[in-house]
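1. here are the coordinates; sequence isn't available:
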């Protein structure tokens with residue numbers, strides 16, 4: 001087969017297969033992908049999957065040897081992850097969940113049509129026109145302090161009604177319960193206020209679940225401009241202080257809100273980090289790569305104190321070289337429930353006779 005020499009972004013050369021006639025200027029012939037831009041192609045060529053494929057096809061290629069010399073940790077794929085879960089190789093698992101987990105249960109997220117922000121616009125838009133553009137205002141400390149009667153008589157009852165009454169936990173919620181009943185679930189950190197993680201059917205003790213932004217059922221929602229509950233920091237200190245966490249699973253969160261978005265970066269060196277989201281493009285960048293002022297005076301910087309750690313990066317490190325050197329990582333673009341159900345249908349899970357239903361593991 002004919003070969004050509006492809007110039008990499010850093011000036012090194014790699015041997016790749018002959019380009020197809022339809023290939024664009026940013027085509028990776030090793031992986032058969034059109035990366036659309038020079039920057040995307042350069043980032044892709046430094047990625048583990050590309051390097052692994054390049055090494056298999058052309059072991060002597062300069063690009064493969066250069067990347068392999070950067071001390072990246074070996075990659076992990078779904079098969080290895082599923083095998084480790086089924087075999088009980090992971091002993092201290094931390095799960096982070098966001099709106100993508102609860103929307104599968106039929107609960108719209110705040111910003112979706114019919115979600116809480118739409119309810120706010122309809123209910124308060126005439127009296128407070130600014131909520132048409134910034135519905136967060138009604139849920140801010142500034143509003144609560146300025147209009148305490150309206151907040152206590154109207155807003156607080158509205159938020160209390162926004163919970164999971166009559167809604168069944170999803171496969172992802174049941175997967176968390178399965179981890180708990182295997183004795184390996186250290187903590188669930190959730191951005192969701194619906195209370196589904198503590199649904200009685202799952203039999204997960206409430207002290208294992210950290211509701212980082214409060215809970216609708218008891219009116220403890222964290223307002224924009226308020227500090228996150230101290231329990232969040234206490235849990236992070238206990239969970240990550242000794243470096244025992246060996247697996248972090250992030251389901252359905254775009255990791256845009258601080259300090260929650262920094263929790264995956266607390267993972268100790270060598271930990272496996274897995275990110276599952278319908279749109280990975282929403283997850284690999286956020287506003288915390290620069291100093292900025294967010295909603296109603298909340299200052300966002302690129303580092304924050306979380307637990308006992310005083311300088312935790314808030315920007316995503318999933319595609320960063322620093323992240324690839326520190327952790328074994330797996331990024332999955334897809335539905336969280338589909339990913340979970342893939343695990344329970346995997347050969348490793350079937351071999352272990354792990355019991356599942358159509359919507360997730362059976363909780364006994």
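-> Sure thing, it's come through. Since the structure is predicted, the reported quantities are computational estimates derived from the model, not experimental observations. Numbering: from 1, shown residues only.
2. check contacts around residue 206.
-> In this structure, residue 206 makes contact with residue 198, judged by CB atoms under 8 Å, 6 or more residues apart in numbering. In this view, the C-beta of every residue, glycine as well, is placed from N, C-alpha and C.
3. quick one: it and residue 114, what's the gap?
-> Distance of residue 206 to residue 114, computed by CB to CB, to the nearest Å: 29 Å.
4. what does residue 232 give?
-> According to CB to CB, residue 232 and residue 114 sit 29 Å apart.
5. And those two? Which one has more around it.
-> Using other CB atoms under 10 Å as the criterion, residue 232 and residue 114 rank with residue 232 on top: 21 against 10.
6. Just the endpoints, please. Distance across stretch 310-330?
-> This stretch, stretch 310-330, spans 27 Å end to end (CA to CA, to the nearest Å).
7. and what of stretch 179-186?
-> End to end - CA to CA - stretch 179-186 spans 9 Å.
8. Could you list the buried residues of it?
-> By neighbour count with 16 or more other CB atoms under 10 Å, stretch 179-186 contains the buried residues 179-180, 182, 184-186.
9. same thing with stretch 202-215?
-> 202, 204, 208-215.
10. and of these, the nearest to residue 268?
-> Closest approach between the buried residues of stretch 202-215 and residue 268, by CB to CB: residue 210, at 18.6 Å.
11. what about the closest one, which helix or strand?
-> Residue 210 is part of strand 209-211, with elements assigned from DSSP states H and E.
12. what does the next helix-or-strand element following that strand contact?
-> Downstream of strand 209-211, the first helix or strand assigned by DSSP H and E is helix 230-240. Contacts with helix 230-240, where a contact means CB under 8 Å, 6+ apart, come from 94, 186-187, 189, 210, 212, 245, 259, 263, 266-268, 305-309.
13. What about these, which are in strands?
-> Among those, the members falling in strands (DSSP state E) are 94, 186-187, 189, 210, 305-306, 309.
14. Nearest residue to residue 112 in space, please, no chain neighbours.
-> residue 103 (7.1 Å; CB to CB, 6 or more residues apart in numbering).
15. So what's the residue count around residue 246?
-> Neighbourhood size, residue 246 [other CB under 10 Å]: 19.
16. Ramachandran angles for it?
-> Summarising the backbone geometry of residue 246 under the convention degrees, to the nearest 10, its torsions are phi -110, psi -10.
17. For it, list the residues it contacts.
-> 90-93, 270-272.
18. got JSON lines for those, with distance to residue 324 too?
-> Converted to JSON lines, those look like this (distance: CB to CB, whole Å):
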{"residue": "90", "distance to residue 324": "20"}
{"residue": "91", "distance to residue 324": "24"}
{"residue": "92", "distance to residue 324": "22"}
{"residue": "93", "distance to residue 324": "21"}
{"residue": "270", "distance to residue 324": "12"}
{"residue": "271", "distance to residue 324": "13"}
{"residue": "272", "distance to residue 324": "13"}
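19. tell me which of those residues is nearest to residue 132?
-> Distance to residue 132, by CB to CB, is smallest for residue 93 among the contacts of residue 246, at 42.1 Å.
20. and that closest one, what does it touch?
-> 179, 184-186, 245-249.
21. Between the residues you listed, which sits nearest residue 142?
-> Comparing every one of the contacts of residue 93 with residue 142 (CB to CB), the shortest separation belongs to residue 248, at 33.9 Å.
22. Run me through the strand neighbours of the strand holding residue 210, direction for each.
-> Sheet pairing here is set by DSSP bridges, and for strand 209-211 it gives strand 185-190 (parallel).
23. Name the surrounding residues that touch the strand it pairs with.
-> 92-98, 101, 176, 179, 197, 204, 208-212, 232, 235, 239, 244-245, 260, 263.
24. ditto for stretch 146-165
-> The list of residues contacting stretch 146-165 from outside it, by CB under 8 Å, 6+ apart, reads 102, 105, 107, 116, 119-120, 123-124, 138-139, 143-144, 193-196, 199, 215-219, 221.
25. about what we covered before: any chance of the contacts of residue 246 in TSV, plus secondary structure, distance to residue 84 and pLDDT?
-> Output for those, formatted as TSV (DSSP: H, G, I helix; E, B strand; the rest coil; distance: CB to CB, whole Å; pLDDT from 0 to 100):
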residue	secondary structure	distance to residue 84	pLDDT
90	coil	6	97
91	coil	11	97
92	coil	13	97
93	strand	10	98
270	coil	13	94
271	coil	12	96
272	strand	8	97
